[in-house]
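# Here is a sequence together with a model predicted from it:
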Amino acid sequence: MKKILTLCAVALLASSVYAAHYPEITINDLKAAMSSKSVTLLDANGSDSYKEGHIPGAIDFTARKSKLSKILPKDKSALVVAYCGGPQCNAYQSAAKAAEKLGYTNVKHLAAGISGWHDAGEKMEKAD
């Protein structure tokens, strides 16, 4: 019995190490934050995808990551939301980790990603 409990504990610990620790935000909650201008969005889909279409106001993380400290709000408790392609995409983690490394404490993940945003009929922007 002790062996089984030990194996379960190890498996649980291993899965938590690999699981993202960024809370998810829904499309509706993100829209509310956007309406109140209380969110900074990081698009982690890559510059080509960003140019084709992104959530309005989002920052192209790939193109701007070296200047992130100058782009993000001064308030380290400000809401920062990272997103990528959709529920199976993990590219958002690099943007979320970069914000966290800079000291931001309210970093979230839009699991729906750009595909979910688009499928929900939400407005998109294109870049030059």
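Received, thanks. Numbers count the residues shown, from 1 in each chain.
# Now the phi/psi pair for the residue nearest the centre of the chain, please.
Centroid check for the chain by CA atoms, centre = their mean gives Ala82 as the closest residue, at 1.9 Å. Per-residue torsions, Ala82: phi -110, psi 150 (degrees, to the nearest 10).
# so it touches Asn90, yeah?
No: here Ala82 lies out of contact with Asn90, judged by CB atoms under 8 Å, at a distance of 10.7 Å. Every residue, glycine included, has its C-beta placed from N, CA and C.
# circling back: report the separation between the residue nearest to the centre of the chain and Lys74.
Distance, Ala82 to Lys74, by CB to CB, to the nearest Å: 19 Å.
# buried ones in the host helix or strand of Ala99?
Ala99 belongs to helix 92-101 when assigned by DSSP states H and E. Buried residues in helix 92-101, counted by 16 or more other CB atoms under 10 Å: 92-93, 95-96, 98-100.
# Could you do stretch 118-127 as well?
In terms of neighbour count (16+ other CB under 10 Å), stretch 118-127 has its buried residues at Glu122.
# how far does it sit from the chain's center?
From the chain centre to the centre of stretch 118-127 is a distance of 17 Å (CA atoms, centre = their mean, to the nearest Å).
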